Each structure stands twice: as structure tokens, then as C-alpha cells.
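Asker: sequence unavailable; structure follows:
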């Protein structure tokens, strides 16, 4: 009887320790913390005794081995043995390889590009993956080109169809076509990355959280149709073609060093409301077509391309103090656009033989105030087709053009010679002079 209190106290302490371990390690199914620095043999035994292992409650494996010459040089390689162990256990895992090596390599290549080996069923059991700390890049997938269309031949992580998260402390280059169409992927963290390859996360339609802020380069279609809400890339100098196209959840885009936004970079990003591009000089065609911006301010921009902001239905004000050239249909169908400030503009629209092309400010019925500079801009010469007229669809009865007082005579002559661009209703346009 005398030992009972001591025995009871010891039992309570052990229970508390196990409870604390379970709280600290949500992947261990309420048991003690998973062992670390496992070999493949250790992992095999550990998996056998685990009662967890569903995709929602995976077994955590912390592996410390030489994975071998990846993907695998010989059938007995540790990476293949590890995949075999996972497959044979029939359990989903969160796989931490941060302490592992790869026979001196710095390229993580999880599978061959062709053949049965690339289809290993163990890959489909990996829910979370931490890459080896020594890995600096991920092996490229492969693509072919048919005209302007890029076709995926192999995707590096194609068979990881339950992978929800991936991270790698040392990854500097994601590789190209690495995670394309991996719809299970939700979270990516590569805090040292510099290069995000072409189509790296192409149509990863559930990818919502990224830690990639050190990137200096983003390849074309890299984030196409992902679920990210914020694109914050302080060091990127050029946003590639279609990099964020169809990102319907994207709300904020910040690129403080970017100077060039390529074709369709943010096209169809319909929720995009906040845009920070303080150094951007060139905005290519369709770059922000169908986006959600309400206030546009690009202090250094000089060139705005064809259809660049077409159908931005929330756009109200445009401030482009250094722009000299604006392409056809750049602001077409911006139904709420009311004020445009372009004091340096020299050319609005370009001549074309394409009768499908419309005017730069076509169908902007709310546009009432336009600020121009010392010299009136030129318009396309071939405006015989009604749709080519620069301001067709504006309400000229309430339209005001602000001009420098010293240029009043120049503007009177200019307006008389360009009435067609103002719906042949120049008499209703009001001029207001500024110093």
C-alpha cells in the first residue's frame, strides 16, 4: 500500500509526457513523437506499428540516409527502397528528408522520366515532403512546342497525386514543368529560391500558399490558374508571359523591381485589386486584361500594349504620368473608367488593316475627364471603320479635356482635325486649361 501513491504519481507523469508529445507532433496519431534520423530499415519497422497513415493523418518519417544517385542508379538504391517500404506498408506519410544526402548530387530527381519506375505507387502515398537540405534544384520535366502551345511530356512530380505540401531549405531553382497540373498541391515553401521555372506550378488549381519571395526570375505560365491570393516578389525584374494568367483568387500583386510585364501576365486575374509596380516601364499586350483593378498608377510606365487593360470593369482612374504610347483597345470596355491622366502621351492607337480592332478607349461610357500634355497626341489614320475611332462609345456631351493653357490653339486645331475619333461630336467637348 505504501508504494501506491508513488506508482500513481509516476503513471500521471508518463501520461502527461505522452499527451505533450501528441500535442507537439500532430502527425503521430496521439502517440509519442516519431523517431528521427531513421534508416530505411528503421522506417519499415516504424510503419508496421503505426495505426495512423491516412491521407488526413499521415505517418511522419524523418529519414537520414544517402538516397543514392537519384532517381536511382541501381535497383538497390535507398530512394527506391524507401518508396517500396511506403508502398508495402500501405500508409500515407509526411516524409522529411532534410538530413538526407544524394550521393553528392544537388539535384533532387524523384523518378525517371519514362518507364515503370516513374510510376512507383509509393509516390502516391506521400502527402508532405521536405527535400534534402543539400538539394539546390529540382530536375526538369520535359515539354514539346507546337506553334505557340507548350505541351507537357513529363512532369517531375506527376505521380505524387496526394502531395499537399513541399518545402526545401536549399532549393534555388524549381526546375521547369516540375509540378504541372498537380491539383493536390496546396503549400510550397522554398525560402532560398531564385529561379521559378517555366510551367513550374502550371494549373496547380489548389495551390494557395507560397513562400518564394527571394525569386529573381519567374518563367512563363509558372503560376497559371493557381489559387494564390498574393504575389509578392521583391526581386523579380520581369514578369513573364502568362505567369499569373487565370489566377482568379489573386488580390494583390507587388513587384517593386519589375520593369517589364509580358504578354498576358495577369490576364483574367479577375479579383486583382491592388497592384504595386513602381518601376515598370513596359506593359505588354493583354497583360492585365479582365483584371479587377480600380485605381491604376504606374509612375514610370512609358508603353502600354494592345488590350493591356481591356475589360477592367472596376477601373475608375488611370494615372500614367510618363506614358508616351498606348496601344489599340488598351482600355476598351472599361465601363467605370472616369478619369485618365496621360500628360506625356504622343500616340494613342496604331493604324491597322484588321477591321476587328477597336479604339483605345472604345466603350468607356463613364469617361469624362482626360488630361493631356503640351503636344496633342496622334490617332490612327485609318478610322473609316467606326469601331477604330479612339473614343467611340464615350458620352462626349460631358467630356472634358484638360490641356496646358499655352497649347490652347494647338488643341483647337487638333480637335477640328480629329472629330471622327470623338464620335463627330467635338462641339460638345469642353476644354479646361491648366498652367
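Answerer: Structure's in. What do you need? Keep in mind that what you see is a predicted model, and the values were worked out from it rather than measured.
Asker: ok, the nearest residue to residue 138 once chain neighbours are set aside to residue 403 distance?
Answerer: Leaving aside its chain neighbours, residue 138 sits nearest to residue 175 (4.1 Å; criterion: C-beta to C-beta, 6 or more residues apart in numbering). Where C-beta positions appear, they are placed from N, C-alpha and C, glycine not excepted. Residue 175 sits at a distance of 54 Å from residue 403 (criterion: C-beta to C-beta, to the nearest Å).
Asker: ok, residue 319 next?
Answerer: 17 Å.
Asker: so these two - more neighbours on which side?
Answerer: residue 403 (23 against 16; other C-beta atoms under 10 Å).
Asker: can you name every helix or strand that the host helix or strand of the more buried one contacts?
Answerer: Remark: residue 403 resides in strand 400-404, with elements defined by DSSP states H and E. Using 3 or more C-beta pairs under 8 Å, 6 or more residues apart in numbering; DSSP states H and E, the elements in contact with strand 400-404 are strand 369-371, helix 408-417, strand 430-434.
Asker: what about 6 Å?
Answerer: strand 369-371, strand 430-434 (3 or more C-beta pairs under 6 Å, 6 or more residues apart in numbering; DSSP states H and E).
Asker: so residue 399 touches residue 431, yeah?
Answerer: No: applying C-beta atoms under 6 Å, one finds residue 399 not in contact with residue 431, separated by 10.2 Å.
Asker: ok, the two, which is more surrounded?
Answerer: With neighbours defined as other C-beta under 10 Å, residue 399 and residue 431 compare such that residue 399 has more, 19 against 13.
Asker: want to throw the helices and strands packed on strand 400-404 into CSV with distance to residue 50 and mean pLDDT?
Answerer: Output for the helices and strands packed on strand 400-404, formatted as CSV (distance: least, C-beta to C-beta, whole Å; pLDDT from 0 to 100):
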stretch, distance to residue 50, mean pLDDT
strand 369-371, 68, 96
strand 430-434, 75, 93
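Asker: any idea which of those is most buried?
Answerer: Sort the helices and strands packed on strand 400-404 by mean neighbour count, taking mean count of other C-beta atoms under 10 Å, and strand 369-371 sits at the top with a mean of 19.
Asker: which stretches of the stretch 301-435 of the chain have low pLDDT?
Answerer: Low-confidence segments of the stretch 301-435 of the chain (pLDDT under 70): 353, 355, 382-388, 395-397, 424-426.
Asker: quick one: low-confidence ranges for the stretch 51-200 of the chain?
Answerer: Short version for the stretch 51-200 of the chain, where the test is pLDDT under 70: 72-76, 112-118, 143-153.
Asker: strands of that one, start to end?
Answerer: 59-62, 93-96, 107-108, 126-130, 137-138, 142-146, 149-154, 165-167, 187-189, 195-196 (DSSP state E, counting those that start in this stretch).
Asker: do the same with the stretch 251-400 of the chain
Answerer: So, for the stretch 251-400 of the chain - with DSSP E, counting those that start in this stretch - the strands run 252-254, 260-261, 274-276, 282-283, 295-297, 303-304, 317-319, 325-326, 339-341, 347-348, 369-371, 400-404.
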